[in-house]
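**Q** Here is the input, now give the coordinates:
(chains A and B)
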Amino acid sequence: MAITVPLDVARIKKDFPILERTTHDHRLVYLDSANSSQKPRAVLEAMEHFIEHSYANIHRAVYEIAEEATAAYEGAREAMRRFLNAPSSREVIFTKNATEGINLVAYSWARHNLGEGDAILLTEMEHHANLVPWLVLREEKGVELRFLPITDDGQLDLADLDRLIDGVSLVGVAGISNVLGTINPVRMLADKAHEAGALILVDGAQYTPHMPTDVQALGCDFYAWTGHKMLGPSGIGGLWAREDLLDAMPAFLTGGEMIRDVRLDGWTPNELPWKFEAGTPPIVEAVGLGAAVEYLEGLGMDAVREHDVELTGYALRTLTERHGEKITIHGPSEPAARGGVISFVYENVHPHDLSQVLDQSGVCVRAGHHCAKPLMRRLQVGATARASVYVYNDEADVDALNEALDEADRLFAI
Amino acid sequence: MPGLEDLYREIILDHYRNPRNRGELPAPPAVRVEGFNPLCGDEVVVYLDVTDDGTVNDIRISGQGCSISQSSASMMSSAVKGKSADEVRALIRTFKAMMSIHEQRLDGSEEEEPIQPDGDVKLGDLEALQGVVKFPVRIKCATLSWNTLAQGLDEAAAEAPAG
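**A** Here you go, the predicted structure:
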């Protein structure tokens, strides 16, 4: 077992050019990484170097730079395979983002395997990305949707799990809730799903940037992830799925690249993974993602996770001590039970106003429903403010948040 | 860089803390219209009691949202009560012009000339919301209740007895 070296945040901050800028005459305190993370210089340089030296389309031409481009793109796939501990790079499909990865499962696997009489189990804390594709499927195919409720501490309520999971064909769950920060018991749910004869899809958008990810240890069948929340560029994400499942699934998006042969009377699909990558893919973005993976591997994901727990614990403690009953924090009270996401409501200050006032102090937090409106209804709030931390945040950033909250409190005091 | 004092004027905070015409009206006979801001989840419900000749006899506002959307709705409710439908529509146009919103034609193209505020229409307290224009993301907050009101007027007119 390797020894975990704690993150040197002061050094890490220097790797992120954007953190050198000011906003409203304050240093940038970026606490919105659960929304989208910032990018280290290594990612920018990898993309720039690729464009300046090796850019061409992939899997088409035979000249030298095209060979280099193909190798760079497929190298990024191998990096992602390693990062997810997937058995084979044939199982790593590049998509635009996690949303497209989940839609791939809904349109290809689900539409060809499920219909009336079949059921899917989701949870009340899902992001719209893991809700709307299934609501659409229910409208089109008459599939039944069931939902695991949540407890008042923001955990999945498993009391009725055996009854709810009985007879379902698919379980869909977020690895980490983007609102509550809850780390869900994926392995246990995977085992339960398989006992029930179902497959399990994990929305890993918030999980992979923050946790050592091992799709085999998680026991899942489908795993969707996105690059822009893990220091990579926007426009690239993906789906990992077991090879036997992908082999049996029909193509989703169709066109160039994803075919082996096209005749005027028909077509045959390409082999994995290209069967699911129609058209010219985000080549430069894949190269950037590969560099992001290497950057995170350099830090060590165990260290990233430890940093999250420590800083989230510091934030939970100081927010509560300083603002007392004025602040309501949603989600698990124990830092070890959550990722680096803290959603909260501040007395008398609407989250939008809060975010606006915080911005004046250079503090960026998200305000709104976080693409989880059913969860907002469950929490009986219209919106929350959400601060989220990552590798470049430290206690000084949390202190800046606390001070800016005092400012908002003063402004809106009755 | 605009400061917060441009956005959070005292009168706005006053309407946020003490919203006017807050509540509901029995519908029917009142018209009830909901407006949503999908971006932030804010919602406003406007209840309109419009007489047969189109006068806004009474108005109530419910829903939830930020200080800008709630104060705008509150000020709007005070401004339109007792006014004729034409006066209210002129006020809506003037307010949206202040928010730099150019009405779109049905085909999606913008009118060549931005709509001009009606010189006879006095915005009064509503002018305090002018600072919102410097914060473009918040313009939708300020106009949410006004768009909902316009929809309510249309529905009331459609339901009114012919002639």
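
**Q** would A:Ala385 count as being in a strand?
**A** Yes - under DSSP: H, G, I helix; E, B strand; the rest coil, A:Ala385 sits within a strand.

**Q** Count the residues that sit near it.
**A** A:Ala385 is flanked by 27 other residues according to other C-beta atoms under 10 Å in any protein chain shown. Using the backbone N, CA and C atoms, a C-beta is placed for each residue, glycine as well.

**Q** Next: A:Ile342.
**A** 28.

**Q** which SS class is it?
**A** A:Ile342 - assigned by three-state DSSP - is strand.

**Q** any idea how far A:Ala278 is from it?
**A** 39 Å (C-beta to C-beta, to the nearest Å).

**Q** What residue spans form the domains of chain A?
**A** A:9-30+A:300-412, A:44-298 (automatic domain parsing).

**Q** Now tabulate those domains in JSON lines and tack on distance to chain B and mean pLDDT.
**A** Shown next, in JSON lines, are those (distance: least, C-beta to the nearest C-beta, whole Å; pLDDT from 0 to 100):
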{"stretch": "domain A:9-30+A:300-412", "distance to chain B": "4", "mean pLDDT": "95"}
{"stretch": "domain A:44-298", "distance to chain B": "11", "mean pLDDT": "97"}
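
**Q** could I get the ones you listed as TSV with distance to B:Gln151?
**A** TSV is the format used below for the domains of chain A (distance: least, C-beta to C-beta, whole Å):
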stretch	distance to B:Gln151
domain A:9-30+A:300-412	21
domain A:44-298	25
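
**Q** which strands and helices sit next to the helix or strand harbouring B:Ser145?
**A** According to DSSP states H and E, B:Ser145 maps onto helix B:139-159. Packing contacts for helix B:139-159, counted by 3 or more C-beta pairs under 8 Å, 6 or more residues apart in numbering or on different chains; DSSP states H and E, involve strand B:31-36, strand B:43-50, helix B:67-80, helix B:85-98.

**Q** Which one of the ones you listed lies nearest to chain A?
**A** Nearest to chain A, of all the helices and strands packed on helix B:139-159, is helix B:67-80, at 4.9 Å by C-beta to the nearest C-beta.

**Q** For chain A, tell me whether that closest one is touching it.
**A** Yes - under the criterion of C-beta under 8 Å from any C-beta of the partner chain, chain A is reached by helix B:67-80 at B:Ser67, B:Ile68, B:Gln70.

**Q** In ChimeraX, how would I select just the buried ones from those residues?
**A** Per 16 or more other C-beta atoms under 10 Å in any protein chain shown, the buried members of the residues of helix B:67-80 next to chain A correspond to this ChimeraX selection:
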select /B:67,68,70
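
**Q** which SS class is A:Tyr223?
**A** strand.

**Q** tally of neighbours for it?
**A** 29.

**Q** Please report phi then psi for the nearest residue to it once chain neighbours are set aside.
**A** Leaving aside its chain neighbours, A:Tyr223 sits nearest to A:Trp240 (4.4 Å; criterion: C-beta to C-beta, 6 or more residues apart in numbering or on different chains). Main-chain torsions, A:Trp240, degrees, to the nearest 10: phi -100, psi 140.

**Q** what number of residues lie near A:Trp240?
**A** 29.

**Q** what pairs with it across the strands?
**A** Counting by DSSP bridges, A:Trp240 forms beta bridges with A:Val92, A:Tyr223.

**Q** what's it in contact with, if anything?
**A** Neighbouring residues of A:Trp240 by C-beta atoms under 8 Å, 6 or more residues apart in numbering or on different chains: A:Leu84, A:Ala86, A:Glu91, A:Val92, A:Ile93, A:Val215, A:Phe222, A:Tyr223, A:Ala224, A:Trp225.

**Q** rerun at 7 Å
**A** Contact analysis of A:Trp240 by C-beta atoms under 7 Å, 6 or more residues apart in numbering or on different chains lists A:Leu84, A:Ala86, A:Glu91, A:Val92, A:Val215, A:Tyr223.

**Q** There's contact between the fourth one and A:Glu78 in this structure, I believe.
**A** No - using C-beta atoms under 7 Å, A:Val92 is not in contact with A:Glu78, being 8.3 Å away.

**Q** neighbour count winner among the two?
**A** For A:Val92 and A:Glu78, the more surrounded residue by other C-beta under 10 Å is A:Val92, and the numbers stand at 25 against 14.

**Q** ok, now how distant is that one from A:Thr70?
**A** 16 Å.

**Q** part of a helix, is A:Thr328?
**A** No - counting by three-state DSSP, A:Thr328 is not found in a helix; it is strand.

**Q** of all the domains of chain A, which lies closest to B:Arg17?
**A** domain A:9-30+A:300-412 (8.2 Å; C-beta to C-beta).

**Q** Can you tell me how far the residue lying closest to A:Asn348 once chain neighbours are set aside is from B:Arg20?
**A** Leaving aside its sequence neighbours, A:Asn348 sits nearest to A:Phe412 (C-beta to C-beta, 6+ apart; 5.4 Å). For A:Phe412, the distance to B:Arg20 equals 19 Å [C-beta to C-beta].

**Q** again with A:Phe252
**A** 53 Å.

**Q** coming back round to it: who wins for proximity to A:Asn348 among the helices and strands packed on helix B:139-159?
**A** Set against A:Asn348 and scored by C-beta to C-beta, the helices and strands packed on helix B:139-159 come closest in helix B:67-80, at 9.8 Å.

**Q** Distance from the closest one to the middle of the chain?
**A** 7 Å (C-alpha atoms, centre = their mean, to the nearest Å).

**Q** Would you mind getting the angle between that helix and strand B:43-50?
**A** 0 degrees (axes from the mean of the first three to the mean of the last three C-alpha atoms, to 10 degrees).

**Q** elements contacting helix B:67-80?
**A** Applying 3 or more C-beta pairs under 7 Å, 6 or more residues apart in numbering or on different chains; DSSP states H and E, we find helix B:67-80 packed against helix B:10-17, strand B:56-64, helix B:85-98, helix B:139-159.

**Q** Can you report how many residues neighbour the residue nearest to A:Asn348?
**A** 20.

**Q** what's stretch A:256-271 in contact with?
**A** With C-beta under 7 Å, 6+ apart, stretch A:256-271 has contacts from A:His59, A:Ala251, A:Trp274, A:Lys275, A:Phe276, A:Glu277, A:Ala278, A:Gly279.

**Q** quick one: contacts for the first one?
**A** Each residue near A:His59 by C-beta under 7 Å, 6+ apart is listed here: A:Thr70, A:Glu257.

**Q** at 8 Å what do you get?
**A** Counting by C-beta under 8 Å, 6+ apart, A:His59 has contacts A:Thr70, A:Glu257, A:Trp274.

**Q** for A:Leu375, same thing?
**A** Per C-beta under 8 Å, 6+ apart, neighbours of A:Leu375: A:Glu124, A:Met125, A:Glu126, A:Ile150, A:Ser177, A:Val179, A:Leu180.

**Q** Quickly note the distance from the third one to A:Ile102.
**A** When C-beta to C-beta is the yardstick, A:Glu126 and A:Ile102 sit 10 Å from each other.

**Q** Leaving aside the residues adjacent along the chain, what's closest to A:Gly75?
**A** Leaving aside its chain neighbours, A:Gly75 sits nearest to A:Gly290 (5.9 Å; criterion: C-beta to C-beta, 6+ apart).

**Q** any idea which helix or strand comes after whichever strand or helix holds A:Ile102?
**A** Element membership for A:Ile102, per DSSP H and E: helix A:98-104. Remark: after helix A:98-104, the chain's next helix or strand is helix A:111-113, criterion DSSP H and E.

**Q** Can you tell me what sits against that next one?
**A** A:Leu137, A:Glu140, A:Lys141, A:Ser169, A:Met249, A:Pro250.

**Q** what about burial for these, which qualify?
**A** A:Leu137, A:Ser169, A:Met249.

**Q** Make TSV from those residues and add secondary structure and distance to A:Ala404 to it.
**A** Compiled in TSV, the buried ones among the contacts of helix A:111-113 are given as follows (DSSP: H, G, I helix; E, B strand; the rest coil; distance: C-beta to C-beta, whole Å):
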residue	secondary structure	distance to A:Ala404
A:Leu137	helix	43
A:Ser169	coil	47
A:Met249	coil	48
